[in-house]
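Enquirer: show me how the following folds:
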Amino acid sequence: MSNIWLITVGEPLPILDNEDRLWRTGLLSKILSDRGHEVLWWASTVDHLRKLYIMENEDRFQTSDNISIQLLHGRLYKKNISFNRLINHAEIARRFSYLSRLESKPDLILCSFPTIELSYEAVKYGQEFGVPVVLDVRDLWPDIFLSVLPKWINWFGRMLLYIYFFKTRYAFNTCHSILGISENYLNWALSLGGRIRCSNNLVYPLGYSVGDWTDSDELSVKSRFERCGLSLYKPTVCFVGSFGRTYDLETVINAAKLLQKREGWMGQIAICGGGEREKEWRDMAEGVSDVGFMGWLSARELSCMLSKSVMGLAAYASQAPQGIPNKIIEYLATGLPMFFSLGGEARDLLQTAQCGIYYRPGDCSSLAESMFAIIKDKSTLDAMSESALKLYNQNFSAHVVYGALANHLENIIEQ
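Expert: Modelled structure (predicted):
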């Protein structure tokens with residue numbers, strides 16, 4: 001069997017007995033391991049979601065007979081867009097460049113993009129040692145950095161970010177092949193790399209694995225509801241995610257303020273997660289009785305939470321770059337239709353499948369009207385839920401998606 005390196009930072013790791021749900025790399029690593037491959041997962045000492053150290057040392061963990069995790073140390077950062085985060089990425093890339101050369105040569109490297117620096121170093125390693133490197137595009141870096149600048153100084157931003165654009169183009173142009181989590185992401189990367197679509201450059205969307213929960217998890221979720229002034233038995237619209245710049249809970253909270261004044265409104269909004277804008281949004285929701293902040297949930301609590309909800313919220317800001325993000329697939333996996341504010345691929349997908357209701361970013365009135373109407377319409381909710389599950393099973397089941405991705409990697413190794 002083969003020796004495969006997976007390079008991904010920012011995902012939950014199956015170490016330290018945490019109860020976080022595994023994401024793309026975690027799920028793929030298990031499939032590769034089950035097929036007998038040796039997997040080395042290169043990750044970061046920083047927990048990206050919680051902005052805490054997982055471990056301050058570059059420890060190595062053996063999580064199964066065939067899977068080990070090597071941590072790369074970099075400084076802690078508190079904001080997604082910050083100089084400390086950029087320095088962290090440079091630091092862990094340098095550590096990978098050094099430590100990778102102390103390991104036995106792998107048969108293949110799959111590196112998540114971003115980070116730019118790790119992708120660049122992985123491709124350099126592949127060129128030096130004759131190892132095929134596949135880049136898995138999950139975000140549009142460094143383009144996303146320009147979105148925080150006024151358009152009239154974008155040219156200046158490109159000058160400042162020259163080294164990032166250079167490394168990105170080199171990585172996409174020089175790697176063995178490129179994968180994307182959506183058509184737009186793949187086409188973007190191929191364009192930057194000056195490449196054409198071929199059989200090795202494919203789309204593998206984010207996949208999701210549905211988890212179980214116990215009676216104790218349900219009691220824990222019920223307790224969280226009560227602490228927030230909500231009820232487990234009231235129709236719930238839920239948001240799950242991190243509180244970063246590309247999300248827009250201000251519109252959700254303003255919609256809740258409008259609904260609070262409407263006679264006949266019988267729903268509530270549960271907000272699960274945390275992040276850099278948490279205080280801002282908590283302050284904004286002060287005094288709104290039908291909005292509750294639940295904090296971070298374990299994987300089992302989250303499964304219970306989604307099963308107790310009637311709609312999900314994919315609440316994105318107007319300039320959000322996401323195509324078909326994990327949040328949408330997470331809702332689909334539990335048969336949860338959703339209110340969403342993403343256009344493009346996401347809007348086409350959800351409206352065609354009839355399992356989502358679009359609202360314009362920033363338009364709290366249209367969101368409030370849609371929520372008021374749908375919360376009482378059980379037949380429509382049931383039909384949308386059935387459509388959501390069908391779409392998930394056909395397109396986004398982790399077993400289907402990552403089984404096919406594992407086949408693709410094995411084919412590259414055999415070429």
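
Enquirer: residue contacts, Lys327?
Expert: Counting by CB atoms under 8 Å, 6 or more residues apart in numbering, Lys327 makes contact with Val240, Gly241, Gly312, Ala314. From N, CA and C alone the C-beta is placed, and that goes for glycine too.

Enquirer: give me the element it is part of.
Expert: Element membership for Lys327 (DSSP states H and E) is helix 326-333.

Enquirer: which parts of the stretch 251-400 of the chain are strands?
Expert: 268-274, 291-295, 311-314, 338-340, 356-358 (DSSP state E, counting those that start in this stretch).

Enquirer: so which of those is nearest Phe96?
Expert: strand 268-274 (28.5 Å; CB to CB).

Enquirer: how about residues contacting the closest one?
Expert: Counting by CB under 8 Å, 6+ apart, 50, 225, 228, 230-231, 234-243, 249, 252, 256, 281, 290-297, 302, 305, 309, 313 sit against strand 268-274.

Enquirer: distance between it and the chain's centre?
Expert: Taking CA atoms, centre = their mean, to the nearest Å, one finds the center of strand 268-274 at 17 Å from the center of the full chain.

Enquirer: got it, and stretch 245-255?
Expert: Worked out by CA atoms, centre = their mean, stretch 245-255 lies 18 Å from the chain centre.

Enquirer: what comes into contact with that stretch?
Expert: Residues outside stretch 245-255 that contact it (CB under 8 Å, 6+ apart): 80-81, 148, 239, 241, 243, 269, 271, 277, 281, 284-285, 288, 291, 313, 315-322, 341, 359, 361-365, 367-368, 371.

Enquirer: pop the domain breakdown of the protein in here.
Expert: The chain breaks down into these domains under automatic domain parsing: 3-208+397-414, 215-395.

Enquirer: re the thing from before, alpha carbons only: can I get the helix holding Lys327 in PDB?
Expert: Output in PDB follows, covering the C-alpha atoms of helix 326-333 (Å, rounded to 0.1, in the frame of the first residue of the first chain):
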ATOM      1  CA  ASN A 326     -19.700  23.200   4.300                       C
ATOM      2  CA  LYS A 327     -22.500  24.900   6.200                       C
ATOM      3  CA  ILE A 328     -25.000  24.300   3.400                       C
ATOM      4  CA  ILE A 329     -24.000  20.700   3.200                       C
ATOM      5  CA  GLU A 330     -24.200  20.300   7.000                       C
ATOM      6  CA  TYR A 331     -27.800  21.400   6.900                       C
ATOM      7  CA  LEU A 332     -28.700  19.200   3.900                       C
ATOM      8  CA  ALA A 333     -27.200  16.100   5.600                       C
END
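
Enquirer: give me the mean pLDDT for it.
Expert: The average pLDDT within helix 326-333 is 93.

Enquirer: run the angle between it and strand 268-274 for me.
Expert: 130 degrees (axes from the mean of the first three to the mean of the last three CA atoms, to 10 degrees).

Enquirer: show me the strands in the stretch 51-200 of the chain, by range?
Expert: Ranges of strands in the stretch 51-200 of the chain, per DSSP E, counting those that start in this stretch, are 52-53, 60-62, 67-72, 108-113, 133-137, 177-180.

Enquirer: can you redo those strands as CSV with mean pLDDT, mean neighbour count and distance to Asn393?
Expert: What follows is the strands of the stretch 51-200 of the chain, written out as CSV (pLDDT from 0 to 100; neighbours: other CB atoms under 10 Å; distance: least, CB to CB, whole Å):
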stretch, mean pLDDT, mean neighbour count, distance to Asn393
strand 52-53, 92, 12, 36
strand 60-62, 92, 13, 33
strand 67-72, 97, 21, 27
strand 108-113, 98, 25, 25
strand 133-137, 98, 25, 23
strand 177-180, 97, 22, 22
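
Enquirer: now the helices for the stretch 201-350 of the chain?
Expert: Using DSSP state H, counting those that start in this stretch, the helices of the stretch 201-350 of the chain run over residues 215-227, 249-260, 278-284, 299-307, 326-333, 344-353.

Enquirer: any chance of those in a markdown table, plus distance to Val133?
Expert: Below are the helices of the stretch 201-350 of the chain laid out as a markdown table (distance: least, CB to CB, whole Å):
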| stretch | distance to Val133 |
| --- | --- |
| helix 215-227 | 40 |
| helix 249-260 | 38 |
| helix 278-284 | 37 |
| helix 299-307 | 31 |
| helix 326-333 | 24 |
| helix 344-353 | 26 |
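
Enquirer: would you write a PyMOL line that selects the buried entries of the contacts of stretch 245-255?
Expert: Entered in PyMOL, the line below selects the buried ones among the contacts of stretch 245-255, by 16 or more other CB atoms under 10 Å:
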select buried, resi 80+239+241+243+269+271+277+281+284+285+288+291+313+315+316+317+320+321+322+341+359+361+363+364+367+368+371
